[in-house]
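J.: here is the input, now give the coordinates:
(one chain, ligands or ions: 1)
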Amino acid sequence: MEKFKNYINGQWLEPLSGKYYQNINPANIEDIIGEFPESGLEDVNLAVKSAKDAFRNWRLVPAPKRGDILKKVGDIFARRKNELARIMTREMGKPVFETSGDIQEAIDTAYYAASETRRLFGYTAPSEMLNKMNLSFRVPVGVCGVITAFNFPIAVPSWKILPAIASGNTVVYKPSKDVPHSGSIFAEIMEEAGVPPGVFNVVFGKGYMGNMIVEHPDVHLIGFTGSTTIGCQIGEICGKLNKRVSLEMGGKNPQIVMPDANLDLALDGVLWGAFGTTGQRCTATSRLIVHKDIYDKFIDMLIEKASKLRLGNGLDPQTQVGPVIHKQQLDTCEEYVKIGLEEGARLVLGGKRATDGELSKGYFFEPTIFADVTRNMRLFKEEIFGPILSVTKVDSFEDAIETANDCEFGLSSSIYTTNVNYAFNAIRDIEAGITYINAPTIGAEAHMPFGGVKGTGNGHREGGWTVFDIFTEWKTVYVDFSDKLQRAQIDNY
Ligand code: UN1
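T.: Residues are numbered from 1 along each chain as shown. Down below sits the predicted model:
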């Protein structure tokens with residue numbers, strides 16, 4: 001069985017901890033992908049030291065030159081797209097068409113970051129004094145710790161790593177323990193593209209290792225995507241240590257369907273939003289909010305089509321829905337079905353593990369729909385991260401918006417309507433970082449700000465130009481060419 005290594009300072013190194021763990025295919029638990037380092041503090045220390053040393057030179061490399069390397073990163077991802085998509089599917093389960101999209105998102109991010117190295121605009125402003133010039137520009141922060149989840153093994157890390165490096169930072173990356181093979185290939189690609197030793201480092205390990213990165217005194221910034229529980233813990237530590245931290249956490253994303261909507265379109269939207277990636281997206285549609293006039297009809301349409309979704313191994317081109325990531329997630333899904341039934345919601349589809357034939361080999365859960373979910377239920381409030389959709393009936397447009405907003409999270413949202421007034425009211429009034437009109441809650445594009453309000457995040461936006469606000473500091477410069485002492489706020493007033 002293949003034994004993988006950490007990537008530190010441009011070298012592939014066995015973990016100093018001497019420990020390894022096995023990673024398995026969630027669609028077939030007999031298929032072991034490999035043994036990956038279960039790194040410890042000594043490994044983290046080595047990676048951070050290499051990132052710290054590399055920062056001295058990397059920050060001085062002209063940004064467009066850094067961009068040339070990132071362009072190559074995008075080219076190599078494009079060249080290896082098909083091969084890598086299969087590796088990712090084997091490792092985390094979602095179908096190959098989805099893992100291909102995941103890589104495409106990294107390609108888009110690489111090219112965007114590369115081009116941004118020729119902008120990274122600063123501001124100039126007039127000075128209040130004669131013969132004095134005021135400038136400001138972006139500078140890197142230093143060593144960035146990147147900690148991500150399993151569901152987008154390449155795209156989500158790329159959102160952080162590539163802009164961080166474009167800005168002149170260096171990175172220590174800890175991939176989710178469930179997708180280390182993808183993390184290893186990320187390192188291979190960075191190496192081949194010519195990212196200098198130490199600028200990008202990968203250390204494999206389990207959850208505990210994240211804290212070692214977060215607490216390390218030479219790590220200046222943390223970029224995290226994952227659960228709200230872990231994210232809040234990281235935020236707390238970073239608060240105490242006065243580190244910059246960008247948190248991308250949970251969602252409980254609503255899709256509203258109004259009676260005037262194109263119902264077939266709304267149906268396709270909710271099926272993709274709720275069951276794409278087996279519901280394991282922070283942007284997944286987990287609350288369907290339907291107007292009373294079409295409620296029964298839409299639920300019938302939904303059951304009819306959702307019951308036909310084809311579960312299976314994501315490597316099979318017929319598969320529409322893959323497994324969940326691990327046994328624990330399967331247990332969580334079962335637990336929420338129990339909770340939903342106890343709370344009095346009406347189970348209209350699924351609700352149990354799928355074990356027919358080949359499915360018995362993996363962690364498969366039937367696409368599950370609960371109707372008559374009310375706002376007081378846990379099913380309505382809590383992120384499940386699995387193929388479980390709640391449907392709630394509302395009386396009016398106002399009720400729909402209020403219901404959508406009755407939530408601790410605020411990442412994505414959607415409304416299906418042909419009424420322009422409803423659409424614009426929804427854009428204005430839904431409390432979420434992202435609102436889609438006549439499109440599902442999933443489908444963010446790499447060049448637009450991505451992130452959420454309320455319990456989803458801590459005010460940052462990845463993606464697009466806004467990600468550079470996370471990974472840079474501002475340097476303000478005053479150039480006085482008057483040849484005399486000019487005292488601001490004093491001499492001119
Ligand atoms: C995530 O679920 O962590 O918009 C990110 C989307 C994808 C990104 C999802 N482009 O669903």
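J.: can you show me the CA trace of stretch 437-451 as PDB?
T.: Output in PDB follows, covering the C-alpha atoms of stretch 437-451 (Å, rounded to 0.1, in the frame of the first residue of the first chain):
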ATOM      1  CA  ILE A 437     -32.800  34.400  -8.200                       C
ATOM      2  CA  ASN A 438     -34.200  31.500 -10.100                       C
ATOM      3  CA  ALA A 439     -31.200  29.400  -9.400                       C
ATOM      4  CA  PRO A 440     -30.300  26.900  -6.600                       C
ATOM      5  CA  THR A 441     -28.400  27.900  -3.500                       C
ATOM      6  CA  ILE A 442     -25.200  26.200  -4.800                       C
ATOM      7  CA  GLY A 443     -23.100  27.400  -7.700                       C
ATOM      8  CA  ALA A 444     -20.800  30.200  -6.500                       C
ATOM      9  CA  GLU A 445     -18.300  31.400  -9.100                       C
ATOM     10  CA  ALA A 446     -14.600  31.900  -8.200                       C
ATOM     11  CA  HIS A 447     -14.400  35.500  -9.200                       C
ATOM     12  CA  MET A 448     -17.200  36.700  -6.900                       C
ATOM     13  CA  PRO A 449     -17.200  37.300  -3.100                       C
ATOM     14  CA  PHE A 450     -18.100  34.200  -1.200                       C
ATOM     15  CA  GLY A 451     -19.100  34.100   2.400                       C
END
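J.: do it and the ligand meet?
T.: Yes. Using Cβ under 6 Å from any ligand atom, stretch 437-451 reaches the ligand at 442-444. Using the backbone N, CA and C atoms, a C-beta is placed for each residue, glycine as well.
J.: just put those in CSV and tack on distance to residue 37 and pLDDT.
T.: CSV is the format used below for the residues of stretch 437-451 next to the ligand (distance: Cβ to Cβ, whole Å; pLDDT from 0 to 100):
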residue, distance to residue 37, pLDDT
442, 32, 98
443, 35, 96
444, 32, 97
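J.: format these as a markdown table; extra columns: distance to residue 87 and neighbour count.
T.: A markdown table is the format used below for those (distance: Cβ to Cβ, whole Å; neighbours: other Cβ atoms under 10 Å):
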| residue | distance to residue 87 | neighbour count |
| --- | --- | --- |
| 442 | 22 | 21 |
| 443 | 24 | 17 |
| 444 | 23 | 23 |
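J.: which of the residues you listed lies closest to residue 126?
T.: residue 444 (38.2 Å; Cβ to Cβ).
J.: quick check on the closest one: phi, psi?
T.: Main-chain dihedrals, residue 444, degrees, to the nearest 10: phi -60, psi 140.
J.: next one: residue 453
T.: phi -100, psi -180.
J.: so what's it up against?
T.: Going by Cβ atoms under 8 Å, 6 or more residues apart in numbering, residue 453 touches 410, 431-433.
J.: nearest residue to it other than its sequence neighbours?
T.: Nearest residue to residue 453 in three dimensions, chain neighbours excluded: residue 410, at 3.8 Å (Cβ to Cβ, 6 or more residues apart in numbering).
J.: can you pull the phi/psi pair for the one you found?
T.: The phi/psi pair for residue 410 (degrees, to the nearest 10) reads phi -160, psi 60.
J.: for the one helix or strand residue 70 maps to, packing partners?
T.: For residue 70, the host element (DSSP states H and E) is helix 63-79. Helices and strands touching helix 63-79, by 3 or more Cβ pairs under 8 Å, 6 or more residues apart in numbering; DSSP states H and E, are helix 96-116, helix 155-166, helix 180-193.
J.: pLDDT averaged over that helix - what is it?
T.: Helix 63-79 carries an average pLDDT of 98.
J.: before we move on, what about stretch 166-174?
T.: Stretch 166-174 shows a mean pLDDT of 98.
J.: got it, and stretch 154-163?
T.: For stretch 154-163, the mean per-residue pLDDT is 98.
J.: and the contacts of the helix or strand where residue 300 lies?
T.: Assigned by DSSP H and E, residue 300 belongs to helix 295-306. With Cβ under 8 Å, 6+ apart as the test, helix 295-306 has contacts from 257, 263, 266-267, 270-271, 275, 288, 290, 348-350, 367, 369, 371, 391, 393.
J.: those also near the ligand: which ones?
T.: Of the contacts of helix 295-306, not one also sits near the ligand (Cβ under 6 Å from any ligand atom).
J.: which of the residues you listed fall within helices?
T.: Those of these mapping onto helices are 263, 266-267, 270-271, 275, per DSSP state H.
J.: what's near enough to touch the residue nearest the centre of the chain?
T.: Residue closest to the average C-alpha location in the chain (Cα atoms, centre = their mean): residue 156, at 4.4 Å. Going by Cβ under 8 Å, 6+ apart, residue 156 touches 148-149, 225, 248.
J.: likewise residue 359?
T.: 311-312.
J.: so how far is the ligand from residue 156?
T.: 5 Å (Cβ to the nearest ligand atom, to the nearest Å).
J.: quick revisit: which one of the helices and strands packed on helix 63-79 is the most hemmed in?
T.: Comparing the helices and strands packed on helix 63-79 by mean neighbour count (mean count of other Cβ atoms under 10 Å), helix 155-166 ranks first with a mean of 27.
J.: could you tell me the angle between the direction of that helix and that of helix 180-193?
T.: Here the directions of helix 155-166 and helix 180-193 differ by 30 degrees (axes from the mean of the first three to the mean of the last three Cα atoms, to 10 degrees).
J.: beyond helix 155-166, next helix or strand please.
T.: Using DSSP H and E, the next helix or strand after helix 155-166 towards the C-terminus is strand 170-174.
J.: low pLDDT regions in this structure?
T.: By pLDDT under 70, the chain contains no weakly predicted segment.
J.: one step back: so which of the contacts of residue 156 reach the ligand?
T.: residue 225.
J.: pull out the buried members of the contacts of residue 156.
T.: Burial by neighbour count, 16 or more other Cβ atoms under 10 Å: within these this picks out 148-149, 225, 248.
J.: about what we covered before: helices and strands around the helix or strand following the helix holding residue 300, which ones?
T.: Per DSSP H and E, the first helix or strand lying C-terminal to helix 295-306 is helix 327-343. Helix 327-343 makes packing contacts with strand 346-349, strand 368-371, helix 378-381, strand 388-394 when contacts are defined by 3+ Cβ pairs under 8 Å, 6+ apart.
J.: out of these, nearest to residue 213?
T.: Residue 213 lies closest, by Cβ to Cβ, to one member of these: helix 378-381, at 31.1 Å.
J.: buried set for that closest one?
T.: For helix 378-381, by 16+ other Cβ under 10 Å, it's 379-381.
J.: mind listing residues that contact that helix?
T.: 252, 287, 336, 339-340, 343, 345, 370, 373-374, 388, 390, 392, 406-408.
J.: now, which of these sits nearest the ligand?
T.: Using Cβ to the nearest ligand atom, residue 252 comes nearest to the ligand of the contacts of helix 378-381, at 12.8 Å.
J.: got the contact list for that closest one?
T.: 286-287, 380-383, 407-409.
J.: now those residues in CSV, with distance to the ligand?
T.: As requested, the contacts of residue 252 are arranged in CSV below (distance: Cβ to the nearest ligand atom, whole Å):
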residue, distance to the ligand
286, 12
287, 16
380, 20
381, 19
382, 17
383, 11
407, 17
408, 17
409, 12
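J.: just the buried ones from those, in PyMOL syntax?
T.: Buried members of these, defined by 16+ other Cβ under 10 Å, are picked up in PyMOL with:
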select buried, resi 286+287+380+381+382+383+407+409
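J.: what's around residue 351, how many residues?
T.: 20 (other Cβ atoms under 10 Å).
J.: distance of it from residue 270?
T.: 18 Å (Cβ to Cβ, to the nearest Å).
J.: for residue 312, same thing?
T.: According to Cβ to Cβ, residue 312 and residue 270 sit 21 Å apart.
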